[in-house]
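**Q** how does the following fold in three dimensions:
(2 chains)
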Number of protein chains: 2
Amino acid sequence: MNKAIIITTGEELLHGRTLDTNSAFICKELYETGIEIIECITVGDDIEAIIYAIEESFKRCNIIFITGGLGPTDDDRTVEAICRFFSLKDTVDENARIRIEGLFARANYKINKKDYKMALVPEGSVVFKNNKGHAPGFLIEKDNKFLIAMPGVPFEAEDMFVNEIKPYLCQRFNLKKSDGIIFRLTGLRESTINEIIEKSKIPQLGKWGISAKTGVYEVYLSLNDTTDDPRSIEEMLKDIFKEKLIDSSFSSPSEELVFLLKQKQTKLATAESCTGGLIAKMITDIPGSSEVYNGSIIAYSNEVKQNLLSVSETTLKKYGAVSEETALEMINGLQKVIQYDIAIAITGIAGPGGATKEKKVGTVCFAFDLCGQKKSETKIFNGDRERVRNLSALYAINTVREFIKK
Amino acid sequence: MNKAIIITTGEELLHGRTLDTNSAFICKELYETGIEIIECITVGDDIEAIIYAIEESFKRCNIIFITGGLGPTDDDRTVEAICRFFSLKDTVDENARIRIEGLFARANYKINKKDYKMALVPEGSVVFKNNKGHAPGFLIEKDNKFLIAMPGVPFEAEDMFVNEIKPYLCQRFNLKKSDGIIFRLTGLRESTINEIIEKSKIPQLGKWGISAKTGVYEVYLSLNDTTDDPRSIEEMLKDIFKEKLIDSSFSSPSEELVFLLKQKQTKLATAESCTGGLIAKMITDIPGSSEVYNGSIIAYSNEVKQNLLSVSETTLKKYGAVSEETALEMINGLQKVIQYDIAIAITGIAGPGGATKEKKVGTVCFAFDLCGQKKSETKIFNGDRERVRNLSALYAINTVREFIKK
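**A** Okay, here's the model as predicted:
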């Protein structure tokens, strides 16, 4: 059995200024593959502490993953620590050097002497390309012990792990595929999901658990019988949760929405007040969204609501900017300036200011034009500004997603 | 000097399904108080692993914080592990028992035998009340070694730490207030910041380090001499970094920008293509931004660029949608529809698709109207879609921020 320990390095982690997400990412990627993570350790940018952690870890495991400390500055000391531990010299990886020079040239930056430090690896390493940044990762093998170093910046580490390191490990350690299934649900409460699952056949399939991210729930199911057909399980989940289930090909409601809009050749437009561009951002996060998304009017001021979205002064005065009446006029006004099949208009009080006697913080009014069918509604969300804005954007996206899916 | 190690327990952490936020929280709370966190360790729900971690940790520190495993179920084993390590019996804490029974009665839940497990603490503990949940925390002291146990659920642990544990530690260890300074820089490269700091007086003041978040660098400085006046240090930093320094009252460039716009009574408007609402979102993340931000046109399609921003078909054909010419016409068009003093227009190729022979992914064209002064420029950013969009938005925000600050 391969046992592994993850060591993350960085003063910023021990000072609590940066949250370590790399350990959880590696744990998730290796879950049930045959490499068992037995411990995660965080240490500072301190050579002695790094060497001590490596020494102690190798007493209990045969694989160490180490992240961080591969950058150009003086407090980046991981390569030095690893070289000392294995009694190796460091050497410039030529591919990395060329890549780093290319990146600097492309961005029109003058390369500093210190920047070359990022191309250093211990001699005799297997080198892993950094597709998203500068410093490469590497693997050192000695006496059946393996140490794999990767950058600390999460998007660099994640890309390197998935595209370079994991394929290498799969071959080297003959990793098996994980027997877990993860599915995502939205538009349901956690306790409701819990009840539905308990009454379903899901518990017979294996151990399960729910974790929550603002408005989206991830259910994890670790299969008892690995011969169960994942496709028939997915069909069962669709039967149970219907449009609340996000198809397993997508990692977020907005990703599925963009896919559904493309499939139906349907164009979306938005008019946002309180979310101030968040819905547009979530849609345009998805590559290829330009095919189905024409654009948005961010009408943060009443002036823009009146001038660009033709909301009448009477409506604003009589019902207020945060009202279903205003939201509906925003939809009507949007129709005149941006072509669409489906549209979302949103106006609310994200807080902390802006509450009135009648309307408290978290009050959000929506209007939808769903292929000609117009409707409006008001929701009240609990939480701070960030949470109210996120839940509002997600509710709007999900309403359209469920409309198309139904 | 008090040295501490944080041990977090839970299979869900080693499986990567739950992100450990407790360690970072405790680290932040204790930063520079006189208790130095030297390491964080995560282990599973395994008695032997927990005991081993405690044993090894006490060889190097005098304080251990341990979170998780205080719940009612069979995989909650922290109390048992701690009792075995210290050779102590467990005992029911009467206050906790009464509290747990009360909470169950209030919620109309029948209390199970297992639920009483949550009231167990090692005999002779100092007990910390759990104001947000069931299981109490506790402290055991033996031979000048201290072990503090707290629940794993973050909002229970955080509340307990701040309201029960930290006040106790302050008295017991005579904790001092933090002597660290953190400052943020933007618009400079990491290696350049490193060079500037090395040539400055900063290294004489104390240990320092840099951590990076997309486009913003945090420099922390741990002061040698705690009598240094923070205000004079801030003045020195302003002299060194000028407009690149984000004022210490603000946690992000957009927060400082909103403040500066308010101070100068200046209104901002934006026209976004490739960032698709991200700039608008970053501005409206800040409470009170409605005072200075009128709105935006998200012109994701050429049709919207032409209809709403009056970009001419000739320009789009001759120079392309991603060109400084188009960006400048977007600014001019924006002026006709949204009132502003300062405006940003942005159009680019965020990728992964959309590259042409002449224009590669990451090419972003900006136009600015800075109180009547118009200018345009083209930048090339490295990275994936998310990074290109983030760096573009930040560059735009920062250009305006520096213009006002200068």
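**Q** now do the helices in the stretch 301-406 of chain A.
**A** A:302-309, A:313-319, A:324-337, A:385-405 (DSSP state H, counting those that start in this stretch).
**Q** do the stretch 1-150 of chain A as well
**A** Using DSSP H, counting those that start in this stretch, helices in the stretch 1-150 of chain A cover A:11-14, A:22-30, A:47-58, A:78-86, A:94-106.
**Q** looking at the helices of the stretch 301-406 of chain A, which is closest to A:Phe155?
**A** helix A:385-405 (20.8 Å; Cβ to Cβ). (Glycine included, C-beta is placed from N, CA and C.)
**Q** does chain B sit close to the closest one?
**A** Yes: using Cβ under 8 Å from any Cβ of the partner chain, helix A:385-405 reaches chain B at A:385-386, A:389.
**Q** wait, which of these is closest to chain B?
**A** A:Arg385 (5.9 Å; Cβ to the nearest Cβ).
**Q** that closest one and A:Gly354 touch, don't they?
**A** No: between A:Arg385 and A:Gly354 there is no contact under Cβ atoms under 8 Å: 10.0 Å.
**Q** the residue lying closest to A:Thr347 once chain neighbours are set aside - how many residues pack around it?
**A** Among residues not flanking A:Thr347 along the chain, A:Ser273 sits closest, at 4.0 Å (Cβ to Cβ, 6 or more residues apart in numbering or on different chains). By other Cβ atoms under 10 Å in any protein chain shown, the residues close to A:Ser273 number 30.
**Q** correct me if wrong: A:Ser273 contacts A:Ser323.
**A** No: if you go by Cβ under 8 Å, A:Ser273 and A:Ser323 don't touch, sitting 11.2 Å apart.
**Q** joint contacts of these two?
**A** Shared contacts of A:Ser273 and A:Ser323 (Cβ atoms under 8 Å, 6 or more residues apart in numbering or on different chains): A:Thr347.
**Q** restricted to buried residues, select the residues of helix A:385-405 next to chain B in PyMOL.
**A** Typed into PyMOL, the line below selects the buried ones among those, using 16 or more other Cβ atoms under 10 Å in any protein chain shown:
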select buried, chain A and resi 385+389
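**Q** and the gap between the residue lying farthest from the centre of chain A and A:Gly320?
**A** Residue farthest from the centre of chain A, counting by Cα atoms, centre = their mean, is A:Thr314 at 42.7 Å. Counting by Cβ to Cβ, to the nearest Å, the gap from A:Thr314 to A:Gly320 is 12 Å.
**Q** in chain A, what spans have low per-residue confidence?
**A** Filtered on pLDDT under 70, chain A yields the residue ranges A:178-179, A:211-213, A:226.
**Q** hmm, try it at 80
**A** Residue ranges of chain A with pLDDT under 80: A:32, A:176-180, A:189-191, A:207, A:209-215, A:220, A:222, A:224-228, A:230, A:382-383.
**Q** can I see the domain layout of it?
**A** Residue ranges for the domains of chain A, per automatic domain parsing: A:2-172, A:180-246, A:253-405.
**Q** to B:Leu205, which of those lies closest?
**A** domain A:2-172 (15.8 Å).
**Q** so how far is that closest one from its chain's centroid?
**A** 22 Å (Cα atoms, centre = their mean, to the nearest Å).
**Q** same deal with stretch A:349-362?
**A** That offset, for stretch A:349-362, works out to 30 Å (Cα atoms, centre = their mean).
**Q** go ahead and name everything in contact with it.
**A** With Cβ under 8 Å, 6+ apart, stretch A:349-362 has contacts from A:274-275, A:320, A:322, A:348, A:363-364, A:380-385, A:388-389, A:392, B:287-288.
**Q** CA atoms only: put that stretch into CSV for me.
**A** The C-alpha trace of stretch A:349-362 is given here as CSV (Å, rounded to 0.1, in the frame of the first residue of the first chain):
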residue,chain,number,x,y,z
ILE,A,349,-31.0,45.6,-1.4
ALA,A,350,-27.7,43.7,-1.0
GLY,A,351,-26.8,45.7,2.2
PRO,A,352,-25.4,46.6,4.6
GLY,A,353,-27.1,50.0,3.8
GLY,A,354,-30.2,50.7,1.8
ALA,A,355,-32.9,49.2,4.0
THR,A,356,-36.2,51.0,4.4
LYS,A,357,-39.1,50.5,6.8
GLU,A,358,-40.9,48.2,4.3
LYS,A,359,-37.9,46.6,2.7
LYS,A,360,-35.2,45.0,4.7
VAL,A,361,-31.7,44.1,3.6
GLY,A,362,-31.8,40.9,1.5
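**Q** before we move on, the earlier item: ok, now which ones touch the residue nearest to A:Thr347?
**A** A:Ser273 makes contact with A:298-300, A:305, A:321, A:330, A:346-348, according to Cβ under 8 Å, 6+ apart.
**Q** so which of those residues wins on neighbours?
**A** In those, the most neighbours by other Cβ under 10 Å go to A:Ile298, 34 neighbours.
**Q** rewinding a little: from chain B, how far out is the residue farthest from the centre of chain A?
**A** Between A:Thr314 and chain B the distance is 21 Å, computed by Cβ to the nearest Cβ, to the nearest Å.
**Q** can you name the residues of the stretch 151-300 of chain A sitting close to chain B?
**A** So far as Cβ under 8 Å from any Cβ goes, the stretch 151-300 of chain A lies against chain B at A:153, A:155, A:159, A:209, A:211, A:218, A:220, A:270, A:272, A:275-281, A:283-285, A:287-290, A:293-300.
**Q** hmm, which of these are the buried ones?
**A** A:153, A:159, A:218, A:220, A:270, A:272, A:275-281, A:283-285, A:289-290, A:293-300.
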